[in-house]
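Colleague: sequence and predicted structure, then a few things I'm wondering about:
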Amino acid sequence: MSNAWIVFQKMLVLLAMMLTGYFSFKKDILNKDACARLSKFVVAIVNPLLIIDGVIGKETVSDPSLLWQNVFMVSIYYVLLFLIGFPVAMLLRPKKSEASLYRLMLLFSNVGFMGIPVITGLYGEGCVLYIAFYILGYNLLLYTYGMHLVSKSKSDENEDNGNTSDAPAESPFKKIINPGVIACIIAILLFTLQLPVPAPVIQLVNGLGQTAVPLSMILIGASMAQQNFKALLTDKRVYAFLGIRLLLLPILFALVLQNFALDKQVAGVVGLMMAMPVGSIVVLLATDKGADEKLCMKGCVLSTLLSVITIPIVAIFLP
């Protein structure tokens, strides 16, 4: 029951933030232009600061072998989700423009806002450093491969609709070098070199970075207010996807973990990470790039709601 209670409390917070955005849009406090500008603000400024905030002041663990074991599992986690994304997209048989978004939602789950409180609630604050590596990998991939998937989806959508763009192609170098990647590089340097950071800078980065989560959820709520709510809850393909993402895949992964001599905390962290719902940032990326934000929002909202039930189920199978 303790597992379910931890998740349930976080769910209430998420729901309250989304409802704030929903009613703010309905009451005309927010509008489409404000949401579009706020999305850019989150993607380009506060989320990169959240990345840096995740490593500032963190110390290495007493047993370096456990840290390397965690780094290895982080690599396994992302490689596995990357590879599984292709057969899952084929199995669901979505439109060509949607296939990239399903791969996006499979790979980028809510490892930060949901992952930190749930995992630390079960294993203690000592595993925060382990989680930081997942967040770092998440953002490094998000601002490179994630942006590629969103751009590909938009390109495929234009192709399906017979639309062509006369705009010059964006330089691949410009796509890779963006605020998110720069933040990841800074975070890696700060952590590996254990560079001292002045207290006012820490306060600034922490203060701005922590706004990423509530702003993201508020924007998702505002986006929900612009959609047909019935259509949001009746997409059978999304439910099939979430059955794979939230139950089948993490349970199979947890069962496999039992066959390896991993540290209990390291195994627990990666097992629960596999069960996390779709990350809210994918909705903002889709909105920012003009891709199908409705599909991403369905995945994010429904997976967050269902995770109240699915995460405790997955926890039963952990080593």
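Modeller: Perfect, I can see it now.
Colleague: run through who's touching stretch 299-307.
Modeller: Here stretch 299-307 makes contact (Cβ atoms under 8 Å, 6 or more residues apart in numbering) with 7, 11, 14, 18, 105, 110, 114, 220, 224, 232-233, 238-239, 241-242, 245-246, 275-280, 282-283. Glycine gets a C-beta too; all of them are placed from N, C-alpha and C.
Colleague: how about the helices in the stretch 101-250 of the chain?
Modeller: 115-123, 128-141, 147-160, 172-176, 179-192, 199-209, 212-225, 229-233, 236-243, 249-257 (DSSP state H, counting those that start in this stretch).
Colleague: what stretches of this protein score poorly on pLDDT?
Modeller: 1-4, 7, 11, 57-62, 125-126, 160-176 (pLDDT under 70).
Colleague: quick one, longest helix in it?
Modeller: helix 64-92 (DSSP state H).
Colleague: which of the contacts of stretch 299-307 are buried?
Modeller: 7, 11, 14, 18, 105, 110, 114, 220, 224, 238, 241-242, 245-246, 275-280, 282-283 (16 or more other Cβ atoms under 10 Å).
Colleague: residue nearest the centroid of the chain?
Modeller: Gly279 (2.9 Å; Cα atoms, centre = their mean).
Colleague: list the residues that contact Ala99.
Modeller: Contacts for Ala99 (Cβ under 8 Å, 6+ apart) come out as 89-90, 153, 156.
Colleague: now, which of the residues you listed sits nearest Phe41?
Modeller: Ser153 (22.4 Å; Cβ to Cβ).
Colleague: surely Ala183 is in contact with Gly54?
Modeller: No: checked against Cβ atoms under 8 Å, the pair Ala183 and Gly54 is beyond contact range at 9.7 Å.
Colleague: quick check: closest non-adjacent residue to Lys298.
Modeller: Closest residue to Lys298 apart from its sequence neighbours, by Cβ to Cβ, 6 or more residues apart in numbering: Val238 at 4.8 Å.
Colleague: in strands only, show me the buried ones among the contacts of stretch 299-307.
Modeller: When the buried ones among the contacts of stretch 299-307 are checked against strands (DSSP state E), there are no matches.
Colleague: just give me the neighbour total for Asp28.
Modeller: 7 (other Cβ atoms under 10 Å).
Colleague: now it: which helix or strand?
Modeller: Assignment of secondary structure by DSSP states H and E places Asp28 within no helix or strand.
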